[in-house]
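[1] return a 3D structure for these sequence lines:
(2 chains)
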There are 2 protein chains.
Amino acid sequence: MIDTVSVAPVTSFRDTLVRHRLLIPTGARGVYGFGAEFDRVLQRLDALITRAGENDGAEVLRFPSLLPRTDLEASGYLKSFPQLVGLIHAFDGDDRAHAALLQAVAHGTDWSGALGTTDVVLTPAACYSVYPSLGGETLPPSGRLFDVLGVCFRQEPSDDPARMRMFRQREYVWVGDAEQCRAHRDLWIRRAQEMLHALQLPAEAVVANDPFFGRGGRMLAASQREQALKFELVVPITSVEHPTACASCNYHQDTFGRAFEIRDARGSLAHSACVGFGLERIVLALFRHHGFTVDGWPMPVRATLGV
Amino acid sequence: MIDTVSVAPVTSFRDTLVRHRLLIPTGARGVYGFGAEFDRVLQRLDALITRAGENDGAEVLRFPSLLPRTDLEASGYLKSFPQLVGLIHAFDGDDRAHAALLQAVAHGTDWSGALGTTDVVLTPAACYSVYPSLGGETLPPSGRLFDVLGVCFRQEPSDDPARMRMFRQREYVWVGDAEQCRAHRDLWIRRAQEMLHALQLPAEAVVANDPFFGRGGRMLAASQREQALKFELVVPITSVEHPTACASCNYHQDTFGRAFEIRDARGSLAHSACVGFGLERIVLALFRHHGFTVDGWPMPVRATLGV
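    The predicted model follows:
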């Protein structure tokens, strides 16, 4: 099912997207604005994901890209992925400190010393906003299902437009017992694959691991793969050899139940599972595989999206 | 036209929004998730603002909440509003630095020392992403018009839900000569007022000033008012005495033209003007004035929004 499209180098793909005003470059790597057609396709994709889950009775939650720092600390993210975190610093000084700050700016030197840490970080994954909101809760026997849209940040500057530093993630998140979570994960591996195939994208489901940090991280990654906790739906975008994860289906066991003291109806620590769709990545895959002008896309793809 | 609704105290309004699952509280002040009905109204409001400007031929630009740090430096924002800025710090250490970071987290001490400054800040106003993208450009004689949606951050923690730290701003931005910019600003003072009145919100246009920092800031604020560069459309949300700015219409003179070397067709530094709508604030005003259940809103308001 993987097609054999010869994938242009990263920068030439990016330049073409910019020339078509699909992406608007900024001076920072991996940070882009979006033009009208990119945004239109992304909104229609978001609506398609709504339709795929609309009969399940999920509660809708939308989040900005800020997360309380204490929630990130409690989640264990700093242990596993410190290299990806973005912490917000802010200025809390007087006129004199301000003058010093402006001096540093004028001289082109580092002015961050005038700032201090705040109580907020950037959200690394959309579902990280959900679990703290359930803190201390006992779930109903059927568990709870959430339909989440969040804006995520990961500090991995890249020239590959499919690896942005800030991006939108649409998720369906289940919190309940182990069996419910595994069933949710498996249901969405199938649904996500069907959706991407309906968009005529050559998506393949593969066992995957998160980019755990450092020496200890290698063991964690191996264990995650061995237990098949994470599946990714990968599509070639800027490389055929290294296709891009456009969706991932994850079973977290009781990681978040333990971190935020969420319990299932039987009193055990809650388990959780999520499917996450990388909206910008799927839009990029569509432009990559079907061309840079929506009008030229295959009719069944346009009909599926409603564009 | 100002109605005399008795406005409940800030926290009771917030608690009612939370009880109706319109806002989802987080552990950080001024940071909220949004429930289904809040999101639905916000999306319809966004579409209404699209319709108000759709015949003007604006170029659509959508931006994430990241801005290159050098663009913030060039803009002059650090001079005027240092207290509102959010700078992103990130970790760039090895296994040993990581161990120290985790120790600090475990002991509940400040771990920000393990992090360093990055090349990105949070966007303070949606149009700040537009001007750098025009850097060095000479504009056509008719100027250029942009339809912008951006996500903004301002470090002003508050219990007032109408003062969020991260919020969405929809803008129409004109870049051209002085006369075009003044006309754009004046057109949108009228249009914004008409729109808010169609939503049966008691909006009043008032001369306003930005919250310039420190001792020098007082003079800048006075001068901005004296020249009537900024108008706000204010609506009582959590206070009748201090109504909330739901939209603002600004003429920046050549501030951004100078900062980013943008020139008009005659070779002079470009001027700019923008109207900005605070999407969350207008949605809050709707729930405040028409009730917490959309089904109970006045029919003309529902018809205008399409909800």
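[2] quick one: the helices in chain A?
    Along chain A, counting by DSSP state H, helices occupy A:10-19, A:36-53, A:69-75, A:77-80, A:95-106, A:130-133, A:178-198, A:214-226, A:255-260, A:279-290, A:299-305.
[3] and A:Gly267, how many neighbours?
    Counted with other C-beta atoms under 10 Å in any protein chain shown, the neighbours of A:Gly267 add up to 7. All C-beta atoms are positioned from the backbone trio N, CA, C, and that covers glycine.
[4] I meant to write A:Ser12 there.
    A:Ser12 has 11 neighbouring residues, counting by other C-beta under 10 Å.
[5] any idea how far it lies from A:Glu37?
    Per C-beta to C-beta, to the nearest Å, A:Ser12 is found 19 Å from A:Glu37.
[6] quick one: the spatially closest residue to A:Val275 that is not a sequence neighbour from chain B, how far?
    The shortest distance from A:Val275 to any non-neighbouring residue, by C-beta to C-beta, 6 or more residues apart in numbering or on different chains, is to A:Trp188 (3.6 Å). Look at A:Trp188 and chain B: by C-beta to the nearest C-beta, to the nearest Å, they are 20 Å apart.
[7] list the contacts for A:Trp188?
    Residues near A:Trp188 by C-beta atoms under 8 Å, 6 or more residues apart in numbering or on different chains: A:172, A:249, A:275.
[8] pretty sure the first one sits against A:Arg144.
    Going back to what we said before, that points to A:Tyr172. No. Taking contacts as C-beta atoms under 8 Å, A:Tyr172 lies outside contact range of A:Arg144: 11.4 Å.
[9] ok, the nearest residue to A:Trp297 once chain neighbours are set aside to A:Leu305 distance?
    Leaving aside its chain neighbours, A:Trp297 sits nearest to A:His290 (4.2 Å; criterion: C-beta to C-beta, 6+ apart). A:His290 is 10 Å from A:Leu305, where distance means C-beta to C-beta.
[10] likewise for A:Gln193?
    For A:Gln193, the distance to A:Leu305 (C-beta to C-beta) stands at 17 Å.
[11] ditto for A:Ala265
    A:Ala265 is 39 Å from A:Leu305, where distance means C-beta to C-beta.
[12] who's more crowded, these two?
    Higher neighbour count among A:Ala265 and A:Leu305: A:Leu305, with 19 against 14, using other C-beta under 10 Å.
[13] with adjacent residues omitted, what lies nearest to that one?
    Per C-beta to C-beta, 6+ apart, closest to A:Leu305 is A:Arg44, 4.5 Å.
[14] now A:Arg266
    In space, A:Arg266 is closest to A:Asp177, 7.3 Å off (C-beta to C-beta, 6+ apart).
[15] need the contact list for the one you found.
    Residues in contact with A:Asp177 (C-beta under 8 Å, 6+ apart) are A:143, A:264-266, A:268, A:270-271.
[16] let's see that with 7 Å instead.
    When contacts are counted by C-beta atoms under 7 Å, 6 or more residues apart in numbering or on different chains, A:Asp177 touches A:143, A:264, A:271.
[17] which sections of chain A are below the confidence cut-off?
    Residue ranges of chain A with pLDDT under 70: A:1-8.
[18] same thing but at 50, please
    The model of chain A has pLDDT under 50 over residues A:1-4.
[19] hmm, back to that, between A:Tyr172 and A:Arg144, which is the more surrounded one?
    Shown here are A:Tyr172 and A:Arg144; by other C-beta under 10 Å, A:Tyr172 has more neighbours (25 against 20).
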